[in-house]
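Peer 1: Please find the sequence and the predicted model below.
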Amino acid sequence: MRILVVGGGGREHAICWALKKSPKVRELYCAPGNGGIAGVAECVPIQVNQFAEIAEFAVDHAIDLVVIGPDDPLSEGIVDFLEAKQLTVFGPRQNAAIIESSKVFSKELFKKYHIPTAAYESFDNYEAALAYLHSQQIPIVIKADGLAAGKGVIIPHSLEEAEKALHDIMVAKIFGESGNQVVIEEFMTGQEMSILSFVDGNVVRPMVAAQDHKTVFDNDKGPNTGGMGTYSPLPHIDPSVIEEAIEKIIKPTAAAMVSEGRPFRGILFAGLMLTPQGPRTIEFNARFGDPEAQVVLPRLKTDLLDIFLAAINGHLGQMDIQWSDEAAVCVVIASEGYPGPYPKGLPIEGLDDVQDALVFHAGTALKDNQIVTNGGRVLGVTALGSDIADARAKAYAAVERITFPGKHSRTDIAKKALVVQP
């Protein structure tokens, strides 16, 4: 089969890497791809928002399946557009991708179908939002309604910070039109957990659980990012809690989307908080997480292409999906200054010296036969091991071998999962 993956980040590198292992894949393309993806797929210089060009390429190259990676084109209706051109596509249609592209929609869905989540109110008026803010306890969570590259959630720890965050989102428009509405919700305490699922309407096939590290610095300090590292499995979390989240949150959400006339087909990503009252929903995404994909897909033993095709053809419930017992840890290497302004074009050294690890490229480019930085999150270094400690040691050993000016990574990824032996 001829496959085209749309996207150019670490998530898409992991998807391409997984698809490349399938004996059914004859040709693999990625648009636009990046410096690392070029090692496993032919990169095509078409941007993710160039729907007509993507369709033209797919038709001209007799592409059998288009796989959509990022959230932006999903929210803008790329699946609907390509299906109208008689192309086979894996990913949710626009009316289902709204579960990620509008936090107001998703919160109202949770309320209507009694899906556990934080108490909240939504606003499209700045003065009304400000008045509500003054009546709430701090810390609090303020979310831009629309997509904001993983940075649209602010957790102020003082009223002054909260007022500034609200002003920045709704008045200064730091996230553009995504800030036309906001959700203000209670601050939940507990550990976060990510569960991604292959979904086709009412059929939900959960993947192995993972945990992300959202803030830029050690000990969960600093501003939120798109994710600084992940690990899977979660040995410190009781399996019954994971099962409760699947049965009380993920499956009911998929069923709710069907009831709303918005059946979801693709990757449904649940961001969850394990509160003292049980698992609650933080948010849902409509695609693979980044960097969750970088630890989940290396643990997948079943052919990823077979799973995609089963979901498209309505056979997902019949799939026997197998997972490795190995642990996976991914450490993100970021540019200096991220998630604020950062330099680009810096040469990356040491990639060929990495052993016992996978290096997924998130923000790189190929310039004069040299891999250079081209984003805030540059690389995701993933290692597999017999347990979290083993995988973690291998991942950090690989991180040490890679250098570029201003390189930054957290040093405590997966530390929560280290079980101290008596």
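Peer 2: That came through, no problem. Residues are numbered from 1 along each chain as shown.
Peer 1: mind listing the helices for the stretch 301-422 of the chain?
Peer 2: Along the stretch 301-422 of the chain, counting by DSSP state H, counting those that start in this stretch, helices occupy 304-313, 388-401.
Peer 1: ok, now which ones touch the residue nearest in space to the middle of the chain?
Peer 2: When the chain is reduced to its mean C-alpha position, the closest residue under CA atoms, centre = their mean turns out to be G289, at 1.8 Å. Taking CB atoms under 8 Å, 6 or more residues apart in numbering as the contact definition, G289 lies against R11, S194, L196, A210, D212, G227, T230, F269, V296. The way it works is simple: take the backbone N, C-alpha and C, and place the C-beta from them, glycine included.
Peer 1: okay, the helices of the stretch 301-422 of the chain in TSV with mean neighbour count next?
Peer 2: Compiled in TSV, these are given as follows (neighbours: other CB atoms under 10 Å):
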stretch	mean neighbour count
helix 304-313	19
helix 388-401	20
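Peer 1: Can you give the domain ranges for the chain?
Peer 2: 2-94, 119-186, 198-422 (automatic domain parsing).
Peer 1: Relative to the whole chain's centre, how far out is the first one?
Peer 2: Translated: domain 2-94. What separates the centre of domain 2-94 from the centre of its chain is 17 Å, taken as CA atoms, centre = their mean, to the nearest Å.
Peer 1: before we move on, what about the longest one?
Peer 2: On the basis of CA atoms, centre = their mean, the separation between the geometric centre of domain 198-422 and that of its chain is 7 Å.
Peer 1: one step back: just tell me which of the helices of the stretch 301-422 of the chain ends up closest to I333.
Peer 2: Ranking the helices of the stretch 301-422 of the chain by distance to I333, with CB to CB as the measure, places helix 388-401 first at 6.3 Å.
Peer 1: Report pLDDT for I154.
Peer 2: I154 is assigned 88 on the pLDDT scale.
Peer 1: I142 is in contact with that one, correct?
Peer 2: Yes: I154 sits in contact with I142 when judged by CB atoms under 8 Å, with a separation of 4.9 Å.
Peer 1: Pull up the overlap in contacts between the two.
Peer 2: With the criterion set as CB under 8 Å, 6+ apart, the overlap between the contacts of I154 and I142 is A165, I169.
Peer 1: got any ranges where the stretch 101-250 of the chain has weak pLDDT?
Peer 2: Applying pLDDT under 70 to the stretch 101-250 of the chain flags residues 149-150.
Peer 1: Tell me where it has helices.
Peer 2: Secondary structure of the stretch 101-250 of the chain, counting by DSSP H, counting those that start in this stretch: helices at 103-112, 126-133, 159-170, 239-245.
Peer 1: for those, which one sits closest to V331?
Peer 2: helix 239-245 (23.4 Å).
Peer 1: Buried residues in the helix or strand following the closest one, which are they?
Peer 2: Towards the C-terminus, the helix or strand next in line after helix 239-245, according to DSSP states H and E, is helix 251-259. Neighbour counts over helix 251-259 (16 or more other CB atoms under 10 Å) mark K251, P252, T253, A254, A255, A256, M257 as buried.
Peer 1: Ok, stretch 32-50 next?
Peer 2: Burial within stretch 32-50, assessed by neighbour count using 16+ other CB under 10 Å, is assigned to 32-41, 43-44, 46, 48, 50.
Peer 1: Greatest separation within those residues: which pair is it?
Peer 2: Based on CB to CB, the longest span within the buried residues of stretch 32-50 runs between G39 and Q50 and measures 23.6 Å.
Peer 1: hang on, the earlier thing: can you put the helices of the stretch 101-250 of the chain in CSV and add distance to E27 and mean neighbour count?
Peer 2: Listed next are the helices of the stretch 101-250 of the chain as CSV, based on distance: least, CB to CB, whole Å; neighbours: other CB atoms under 10 Å:
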stretch, distance to E27, mean neighbour count
helix 103-112, 37, 19
helix 126-133, 50, 15
helix 159-170, 44, 18
helix 239-245, 38, 16
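Peer 1: can you pull the pLDDT of the nearest residue to Q370 once chain neighbours are set aside?
Peer 2: The shortest distance from Q370 to any residue that is not its chain neighbour, by CB to CB, 6 or more residues apart in numbering, is 5.4 Å, and that residue is P347. With respect to pLDDT, P347 has a value of 98.
Peer 1: any idea how far P347 is from N369?
Peer 2: P347 sits at a distance of 11 Å from N369 (criterion: CB to CB, to the nearest Å).
Peer 1: The two: which is more packed in?
Peer 2: Neighbours per residue, other CB atoms under 10 Å: of P347 and N369, the larger number sits with P347, 13 against 5.
Peer 1: okay but the more buried one is in contact with V372, surely?
Peer 2: Yes: with contact defined as CB under 8 Å, P347 reaches V372; the gap is 5.5 Å.
Peer 1: Just the endpoints, please. Distance across stretch 280-299?
Peer 2: Across its full length, stretch 280-299 reaches 26 Å between end residues, using CA to CA, to the nearest Å.
Peer 1: Bridging across strands, which residues link to E192?
Peer 2: With DSSP bridges as the criterion, E192 is bridged to M273.
Peer 1: Can you name the residues that contact it?
Peer 2: The contact partners of E192, taken as CB under 8 Å, 6+ apart, are Q211, D212, K214, G271, L272, M273, L274, I282.
Peer 1: and if you look at H213?
Peer 2: Counting by CB under 8 Å, 6+ apart, the residues that H213 touches are D220, G227, M228, G229, T230, R410, D412, I413.
Peer 1: Could you export those residues as JSON lines, including distance to I333 and neighbour count?
Peer 2: Formatted as JSON lines, the entries for the contacts of H213 read as follows, by distance: CB to CB, whole Å; neighbours: other CB atoms under 10 Å:
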{"residue": "D220", "distance to I333": "19", "neighbour count": "15"}
{"residue": "G227", "distance to I333": "12", "neighbour count": "24"}
{"residue": "M228", "distance to I333": "9", "neighbour count": "30"}
{"residue": "G229", "distance to I333": "10", "neighbour count": "28"}
{"residue": "T230", "distance to I333": "14", "neighbour count": "27"}
{"residue": "R410", "distance to I333": "10", "neighbour count": "22"}
{"residue": "D412", "distance to I333": "15", "neighbour count": "15"}
{"residue": "I413", "distance to I333": "11", "neighbour count": "26"}
